[in-house]
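*Asks:* Show me how the following folds:
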Amino acid sequence: MIDTYHSGVPSLPPPLPPRHSQVLFQPQASSAGRNKTLLRSLLGLAVLHLLLTAGGFAYLLYYMGRTEKPPPLSEAIFQQSSSRTFARMIVANRAHLSTSGYLEWDMKHSVRSNINYHHNSWLTVLQPGDYVVFSRVTFSKGDLERPLASAVKLRRGESAEETVATRAYCSIDASGSGSKPQLCTASTGEVISLERGNQLSLWVQDLSLVDYSETATSFGMYKL
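*Replies:* Numbers count the residues shown, from 1 in each chain. Okay, the predicted model is just below:
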């Protein structure tokens with residue numbers, strides 16, 4: 001009779017089912033890790049925002065608290081106009097007037113930017129373009145034979161022929177019958193297309209008739 005109760009191969013116990021506590025613990029641990037990572041990210045952003053805000057306030061306080069003086073007005077005007085192209089010439093009061101009729105300019109009181117000065121009278125263009133050219137000549141004496149006139153002369157180069165770009169007239173009673181001194185001003189203003197090397201000057205028929213007050217007679221141009 002064969003004994004079936006015992007066998008040569010030991011029998012293994014059946015596997016145990018997973019405990020309920022182990023199954024629920026793993027998802028809870030993963031969720032907690034994500035929460036910690038999110039919290040750390042938010043904390044980092046908050047710290048970065050705080051640092052940027054503090055740095056901005058420090059920057060503003062530094063520049064608002066500076067005590068440096070602003071540049072002088074003349075320097076500020078020069079900085080603003082140094083990139084522009086213009087000239088405003090103030091007449092020079094000459095004791096010995098030339099016979100050429102071209103007015104000469106006081107370089108201490110005249111201003112120029114990107115325009116050259118040639119032989120006391122001529123302005124030389126350095127940048128081609130359209131220019132507003134203006135002149136004002138005040139006469140303190142009249143002429144019995146000719147009307148009082150001024151003209152802006154143009155030449156294409158230093159040795160080129162001169163032409164009249166603009167002309168103006170005014171009149172004074174030269175008879176001397178008036179009881180008060182008389183003045184008149186001949187003014188011009190014109191847009192002229194100029195090339196590099198072109199030269200302009202202001203001419204009158206008789207320099208002895210001109211009023212040489214600083215603001216009475218002037219000449220200039222600026223690039224559009």
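
*Asks:* can you tell me the average pLDDT over stretch 202-221?
*Replies:* In this model, stretch 202-221 has a mean pLDDT of 91.

*Asks:* List the buried residues in that stretch.
*Replies:* Burial within stretch 202-221, assessed by neighbour count using 16 or more other C-beta atoms under 10 Å, is assigned to 202-204, 207, 209-212, 216-221. Heads up, the C-betas are built off the backbone N, CA and C, glycines and all.

*Asks:* farthest-separated two in these?
*Replies:* Maximum pairwise distance among the buried residues of stretch 202-221 (C-beta to C-beta): 24.2 Å, between Leu209 and Met221.

*Asks:* My read is that Gln199 contacts Val152, right?
*Replies:* No. Taking contacts as C-beta atoms under 8 Å, Gln199 lies outside contact range of Val152: 11.0 Å.

*Asks:* Name the next helix or strand following the worst-scoring helix or strand of the chain on mean pLDDT along the chain.
*Replies:* Least confident helix or strand of the chain, by mean pLDDT, DSSP states H and E, is helix 73-81 with a mean of 45. Next helix or strand after helix 73-81 toward the C-terminus (DSSP states H and E): strand 86-90.

*Asks:* Quickly run through the sheet partners of the next helix or strand after that next one, with directions.
*Replies:* On the C-terminal side of strand 86-90, the closest following helix or strand by DSSP H and E is strand 111-113. Strands that pair with strand 111-113, judged by DSSP bridges, come out as strand 86-90 (antiparallel).

*Asks:* now what about the partner strand, what contacts it?
*Replies:* For strand 86-90, contacts defined as C-beta atoms under 8 Å, 6 or more residues apart in numbering pick out 105-106, 109-115, 123, 214-215, 218-223.

*Asks:* quick revisit: can you lay out the buried residues of stretch 202-221 as JSON lines showing secondary structure?
*Replies:* Below are the buried residues of stretch 202-221 laid out as JSON lines (DSSP: H, G, I helix; E, B strand; the rest coil):
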{"residue": "Leu202", "secondary structure": "strand"}
{"residue": "Trp203", "secondary structure": "strand"}
{"residue": "Val204", "secondary structure": "strand"}
{"residue": "Leu207", "secondary structure": "helix"}
{"residue": "Leu209", "secondary structure": "helix"}
{"residue": "Val210", "secondary structure": "strand"}
{"residue": "Asp211", "secondary structure": "coil"}
{"residue": "Tyr212", "secondary structure": "coil"}
{"residue": "Ala216", "secondary structure": "coil"}
{"residue": "Thr217", "secondary structure": "coil"}
{"residue": "Ser218", "secondary structure": "strand"}
{"residue": "Phe219", "secondary structure": "strand"}
{"residue": "Gly220", "secondary structure": "strand"}
{"residue": "Met221", "secondary structure": "strand"}
